[in-house]
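Asker: Just a sequence and a predicted model for now, questions to come.
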Amino acid sequence: MNYWLVKSEPESFSIDDLKKAPKKTTFWNGVRNYQARNMLRDEMKVGDEVLYYHSNAEPPCIVGLAKVVKEGYPDPTAVDPKSEYFDEKATKDNPRWFMVDLQFVRKFDKPLTLDDLRPIKALAKMELLRKGSRLSVQPVTKAEFEAVLKLVGD
DNA sequence: GCCAACGTTGGC
DNA sequence: GCCAACGTTGGC
């Protein structure tokens, strides 16, 4: 079992959007970064738990939990010329970009802001809190994941 | 809206 | 294969 954190701008797809989605599930398309792509394609497994983070929000915060319900498969928007995520170098035989399916698990009663997270010793090395961290899909250690849940009162 | 910190692109 | 220029992310 692995743990992850995904970023989403609430204006484009918030955790409430995920909760309202059919089967509370969505495909996590549009990631166009190789490091993130490799994790989506190779490492995220069904059942893995995912922290859901709102970036460019006021304030930015971890708002809840999701889980992986389908493992990496080609992102069809990469080969769709009409999509904003179209990549002319992607083909059906060489999809280049991948995505997973995520399902809503729960929304925290109180979202955890960066200010909530920064003082926590167990989270000192968390990728999210690293200066200049831009990865939209990040690995989270078990200890970090448990520390986050502890903060919301579990 | 600013800008630091990245990642990518492309000329050489 | 280097690296300057450029585009993007995302906190502030």
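Answerer: Received the coordinates, thanks.

Asker: May I see the buried residues of the helix or strand hosting A:Val105?
Answerer: Using DSSP states H and E, A:Val105 sits within strand A:98-113. By neighbour count on 16 or more other Cβ atoms under 10 Å, the buried set for strand A:98-113 is A:Phe98, A:Met99, A:Val100, A:Asp101, A:Leu102, A:Gln103, A:Phe104, A:Val105, A:Lys107, A:Phe108, A:Pro111, A:Leu112. (Each C-beta comes from the backbone N, C-alpha and C, glycine too.)

Asker: Please apply the same query to stretch A:69-82.
Answerer: Applying 16+ other Cβ under 10 Å to stretch A:69-82 flags A:Val69, A:Glu71, A:Gly72, A:Pro74, A:Asp75, A:Pro76, A:Thr77, A:Ala78, A:Val79 as buried.

Asker: Which pair of these spans the longest distance?
Answerer: Pairwise distances across the buried residues of stretch A:69-82 (Cβ to Cβ) peak at 23.2 Å, for the pair A:Val69 and A:Val79.

Asker: State which helix of chain A is the longest.
Answerer: Secondary structure assigned by DSSP state H gives helix A:142-151 as the longest helix of chain A.

Asker: CA-only coordinates of that one in CSV, if you can.
Answerer: Extracted in CSV, the C-alpha atoms of helix A:142-151 (Å, rounded to 0.1, in the frame of the first residue of the first chain):
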residue,chain,number,x,y,z
LYS,A,142,3.2,6.2,5.5
ALA,A,143,4.5,8.2,8.5
GLU,A,144,3.5,11.4,6.8
PHE,A,145,0.1,10.1,5.8
GLU,A,146,-0.6,9.0,9.4
ALA,A,147,0.6,12.3,10.8
VAL,A,148,-1.8,14.1,8.5
LEU,A,149,-4.7,11.9,9.6
LYS,A,150,-3.8,12.5,13.2
LEU,A,151,-4.1,16.2,12.6
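
Asker: picking that back up, JSON lines for the buried residues of stretch A:69-82, including pLDDT?
Answerer: Shown next, in JSON lines, are those (pLDDT from 0 to 100):
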{"residue": "A:Val69", "pLDDT": "97"}
{"residue": "A:Glu71", "pLDDT": "96"}
{"residue": "A:Gly72", "pLDDT": "96"}
{"residue": "A:Pro74", "pLDDT": "96"}
{"residue": "A:Asp75", "pLDDT": "95"}
{"residue": "A:Pro76", "pLDDT": "94"}
{"residue": "A:Thr77", "pLDDT": "93"}
{"residue": "A:Ala78", "pLDDT": "93"}
{"residue": "A:Val79", "pLDDT": "91"}
